[in-house]
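K.L.:
Sequence and predicted structure are below.
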Amino acid sequence: ETGVTQSPTHLIKTRGQQVTLRCSSQSGHNTVSWYQQALGQGPQFIFQYYREEENGRGNFPPRFSGLQFPNYSSELNVNALELDDSALYLCASSLQGIDEKLFFGSGTQLSVL
Amino acid sequence: DQQVKQNSPSLSVQEGRISILNCDYTNSMFDYFLWYKKYPAEGPTFLISISSIKDKNEDGRFTVFLNKSAKHLSLHIVPSQPGDSAVYFCAASNSGGSNYKLTFGKGTLLTVNP
């Protein structure tokens, strides 16, 4: 059973650029959620994807967007990067309708300069 | 507006003693609660959960207590071990919602001293 994997592990971008983060869900899971963890804070829900469609969104602007692919992997895209977007981005997978436990990847540390 | 609060940023205990981590919530729609543990450079790892229909759930050295009237839950670790040193996050969800969105607290850094 493979766990949740995220790439890249670290990324440095400049303000105004665009970034794409990738996530492979745990084997057998059909739902992917993305969370942002700023320094000293708990993870904050960005959005969730189920059956390739957005299935709930947190309080994040439209420049945060995502995709889920038929193999349940997912991408998080952030346009027009701002300094405050610097954070650890966590992907979590789960099995919709069965269990609310989320299984997290190790995250992508994004630094916006 | 923080719906899940962990008011102690850090806690230090001696090996072998009990660790008690506390969590308060304000949203009465929350009915499922989880604790996650996070080591540096790793993602959060699920530890234990409790449904609002229960007031206690045990798993080995870990016990979670839920007091719905006080909107308070706590995680007890007995006995504490140095390997338990990590950041512990309390999280809550509304299982009647359409997605498994978790609302997290800010975390408590537990240090278990040998």
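P.N.:
Yep, that arrived. Numbers count the residues shown, from 1 in each chain, chains lettered A, B, ... in the order given.
K.L.:
Could you list the low-pLDDT ranges of chain A?
P.N.:
Within chain A, the segments meeting pLDDT under 70 span A:1-2, A:97-99.
K.L.:
How about the residue sitting nearest the centre point of it: what's its closest non-neighbour residue?
P.N.:
Centroid check for chain A by CA atoms, centre = their mean gives residue A:34 as the closest residue, at 3.1 Å. Sequence neighbours aside, residue A:46 is the residue nearest to residue A:34 in space, at 4.3 Å (criterion: CB to CB, 6 or more residues apart in numbering or on different chains). For the C-beta atoms, the positions are set from N, CA and C on the backbone; glycine is no exception.
K.L.:
ok, back up a step: any idea which element the residue nearest to the centre of chain A lies in?
P.N.:
According to DSSP states H and E, residue A:34 maps onto strand A:31-37.
K.L.:
List of residues touching that strand?
P.N.:
A:23, A:25, A:43-50, A:55, A:60, A:66, A:68, A:72-74, A:76, A:87-96, A:102, A:104, A:107, B:99-101, B:104 (CB atoms under 8 Å, 6 or more residues apart in numbering or on different chains).
K.L.:
returning to that earlier point: the residue nearest to residue A:34 against residue A:59, yeah?
P.N.:
No: with contacts counted by CB atoms under 8 Å, residue A:46 stays clear of residue A:59, the gap being 9.1 Å.
K.L.:
Run through the bridge partners of residue A:65.
P.N.:
residue A:77 (DSSP bridges).
K.L.:
Report the contact partners of it.
P.N.:
Counting by CB under 8 Å, 6+ apart, the residues that residue A:65 touches are A:76, A:77, A:78, A:79.
K.L.:
Give me every residue in chain A lying close to chain B.
P.N.:
Within reach of chain B by CB under 8 Å from any CB of the partner chain, chain A has these residues: A:4, A:31, A:33, A:35, A:40-45, A:48, A:50, A:55-56, A:58, A:90, A:92, A:94, A:96, A:100-107.
K.L.:
my guess is residue A:13 meets residue A:81, correct?
P.N.:
Yes: under the criterion of CB under 8 Å, residue A:13 makes contact with residue A:81 at 5.3 Å.
K.L.:
residues bridging contact with the two, i.e. touching both?
P.N.:
Both residue A:13 and residue A:81 are contacted by A:19, A:112, under the criterion CB under 8 Å, 6+ apart.
K.L.:
Looking only at neighbour counts, state which of those two leads.
P.N.:
Taking neighbours as other CB atoms under 10 Å in any protein chain shown, residue A:13 and residue A:81 compare with residue A:81 leading, 19 against 16.
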